[in-house]
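Novice: Have a look at this prediction, sequence included:
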Number of protein chains: 2
Amino acid sequence: METAEINVQASTHAYSIVIGEGIRKQTKQYLTKDYSLVWIITDENIAPLYLSDVLEACSPLQVHHTVIPAGEQTKSIDFYYQLLTEAIEHNLDRNSLLIALGGGVIGDLAGFVAATYMRGIDYIQMPTTILAHDSSVGGKVAINHQLGKNLIGSFYAPKAVIYDVETLFTLNKKEIRSGYAELVKEALISDELTFNSFLQTELRTLSKTTVKEHILKGIQIKAHIVETDEKEANMRKYLNLGHTLGHALEAQLGYGTLTHGEAVAIGLLFAFHVSKSVYNNHLPFSELKQWLKSNNYPLQLHSVEPQAILAKMKNDKKNEQQNIQMVLLEQIGKPAIESITDEDMLYYLSIFERKLVNE
Amino acid sequence: METAEINVQASTHAYSIVIGEGIRKQTKQYLTKDYSLVWIITDENIAPLYLSDVLEACSPLQVHHTVIPAGEQTKSIDFYYQLLTEAIEHNLDRNSLLIALGGGVIGDLAGFVAATYMRGIDYIQMPTTILAHDSSVGGKVAINHQLGKNLIGSFYAPKAVIYDVETLFTLNKKEIRSGYAELVKEALISDELTFNSFLQTELRTLSKTTVKEHILKGIQIKAHIVETDEKEANMRKYLNLGHTLGHALEAQLGYGTLTHGEAVAIGLLFAFHVSKSVYNNHLPFSELKQWLKSNNYPLQLHSVEPQAILAKMKNDKKNEQQNIQMVLLEQIGKPAIESITDEDMLYYLSIFERKLVNE
């Protein structure tokens, strides 16, 4: 398989995202300078599978590694401080490199450590999930506060992203679905052709070539948006398509009932539903729903009351004003932000569950 | 008194530093946009003196304030997390403003909160010490790790700096000395004329006009360096003039025995001393020493052994390589970085104490 490379222009520097098969074994050739020391942070699920490959691929550099538990609970102030302690004890200096080997949690946590250790050291992301393609562009790093997700963080771009598609074939089905929902979201923001090509993919029979192409496409779309608007002022908000309901569902049901992407998938259908009311347009609601169904996305609201969902939507940090600002689609490839009153939102929610289950 | 204004170009945005008399009472006019909410962080020494003025000057905006204990111990992970909790509880969003009212500790801590709350919100510095002029340019914000000072932080520039010179006249003598050492350092990096004008100042009889001019000059010099080199790669290292010995003394004697500036003052004389050996030049060692003495700077090494000082120098996070990289002066206004072997450093230190006390 040929290796693909995308160049991303962050506000601070340019970096490459390399996507290929088995490239974790060539880590060293993607390092952008001579580092005094390399420190790999990974989790206990990933370590037995890929850590030794990466350690070997960094030879003969001096390398330390830290394996933390798998799961969102490590995105905490305590794990953060503990990792900083390790950085100091390993004598990491400004000429050291941190490698985040894992999914979104590892990327966010290790990225925030890199962003704030000695006011910032270089780091490289090696994503091992499809969903992590999303965080490989845009430089968002964060940990959770006990009062809310991702409330502590910064914008800090990696020096490179090394995306080995081989590592994606140890993912379980839930994780594949979760990642693909964000890819479909990006296709919807981009253009109809891309969206249609996604709808022709069976997640059961995914090939390495297809997943590589889809990730490449998703990253290109996101990179284009992020480069145009790095600080989430306007255009970047389009990337929240599907997230108004998605985040609210995640928060309401408790993180873990639905994966992030599964919640976003429902949120995409909801965005279609509201868009139709607002613009009186004809988006392929049934087609998307059919694809999600046939790929086993769980399509239900678990009987959560519209009032409860609305309350969670208003909690979301991205809503600064009174009314909820929601990303809709005037048509595929043409997102827009609309202000939705509480009354309207409750109405949309009240008829959406039926539409989700029956139509 | 006329208000002076300096425009600083940070890597992310431009901002103004305004220096004047009583301008804390005009805070609102320096806000650069309509903020949903203002949150003032200050300490228990400053609050009784100036908080009510600033609160009043923010009217009719919605304002919260938090008063924390005075002193370096608040630059900790625990106070940091506690402040983030307050930010969430006060419902600060991305359209809120944080004001850091106080000296360097408040600026560093509150600045790091602003840098990392929701991936960054706007903040304004209102320095109440002379020393804080130094941190009002360059965007360095940080907290301490239990294993070392300022090890956790980032580069995050304020939206404005409002420097009210009136607030500097409640400083004690130690604090004035501490601030002036950094001003003298900046003069030495800049040019002989500026340095000589500083040597003509009696700290006992400082006027508001003089302190305003000196701070203005110091900030201009620092801003010029920082704009040229925002990420401390090369030129910015010149600002460490006097800090090789200064930091080591602070660390060795325990923070608090000497103020930061008092330690830097001794470090400046040491830089003269080493420069003379390296370049065989003629820097005004006696003149600077005389000025420091007549302004009551404590000029002694407290009999710390050269070996102990060297060990602390090598601990400093700014020394990446084996040899110590020290900022010297080829002449006034012409700093340079030289690599000093341990052997040479021990020799320089061994004869410096005598020179400090006797010459």
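Specialist: Alright, I've got the coordinates.
Novice: domains of chain A?
Specialist: Domain segmentation of chain A under automatic domain parsing yields A:4-170, A:177-358.
Novice: any idea which of those domains is most buried?
Specialist: The highest mean neighbour count among those, using mean count of other C-beta atoms under 10 Å in any protein chain shown, belongs to domain A:4-170: a mean of 20. For every residue, glycine as well, the C-beta is placed using N, CA and C.
Novice: Quick check: mean pLDDT of that domain?
Specialist: This predicted structure assigns domain A:4-170 an average pLDDT of 95.
Novice: hmm, that domain in reach of chain B?
Specialist: Yes: in this structure, domain A:4-170 sits against chain B according to C-beta under 8 Å from any C-beta of the partner chain; the contacting residues are A:11-12, A:36, A:77, A:81, A:84-85, A:88-89, A:93-95, A:115-120, A:140, A:142, A:145-148, A:150-156.
Novice: Which of those residues fall in helices?
Specialist: A:I77, A:Y81, A:L84, A:T85, A:I88, A:E89, A:A115, A:T116 (DSSP state H).
Novice: Need these in TSV (columns: distance to A:L288).
Specialist: Conversion of these to TSV gives the following (distance: C-beta to C-beta, whole Å):
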residue	distance to A:L288
A:I77	39
A:Y81	43
A:L84	44
A:T85	47
A:I88	49
A:E89	50
A:A115	36
A:T116	40
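Novice: would TSV of the domains of chain A with distance to B:K208 be doable?
Specialist: Converted to TSV, the domains of chain A look like this (distance: least, C-beta to C-beta, whole Å):
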stretch	distance to B:K208
domain A:4-170	34
domain A:177-358	39
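Novice: Of those domains, which is nearest B:I225?
Specialist: Ranking the domains of chain A by proximity to B:I225 (C-beta to C-beta) places domain A:4-170 first, at 16.7 Å.
Novice: How far away from the center of its chain is the closest one?
Specialist: 14 Å (C-alpha atoms, centre = their mean, to the nearest Å).
Novice: end to end, how far does that domain reach?
Specialist: 21 Å (C-alpha to C-alpha, to the nearest Å).
Novice: Could you do stretch A:108-126 as well?
Specialist: Here the two ends of stretch A:108-126 are set 12 Å apart, with distance taken as C-alpha to C-alpha.
Novice: got the contact list for whichever strand or helix holds A:K312?
Specialist: Here A:K312 is covered by helix A:306-315, with elements defined by DSSP states H and E. Residues external to helix A:306-315 that are found in contact with it (C-beta atoms under 8 Å, 6 or more residues apart in numbering or on different chains): A:148, A:244-245, A:247-249, A:251-252, A:301, A:319, A:324, A:342, A:345-346, A:349-350.
Novice: and with 6 Å instead?
Specialist: By C-beta atoms under 6 Å, 6 or more residues apart in numbering or on different chains, the surrounding residues in contact with helix A:306-315 are A:T244, A:A248, A:A251, A:Q252, A:I324, A:M345, A:L346, A:L349, A:S350.
Novice: What separation do you get for A:K185 and A:L101?
Specialist: With distances taken as C-beta to C-beta, to the nearest Å, A:K185 is found 25 Å from A:L101.
Novice: One more: A:D34?
Specialist: As defined by C-beta to C-beta, A:D34 lies at a distance of 21 Å from A:L101.
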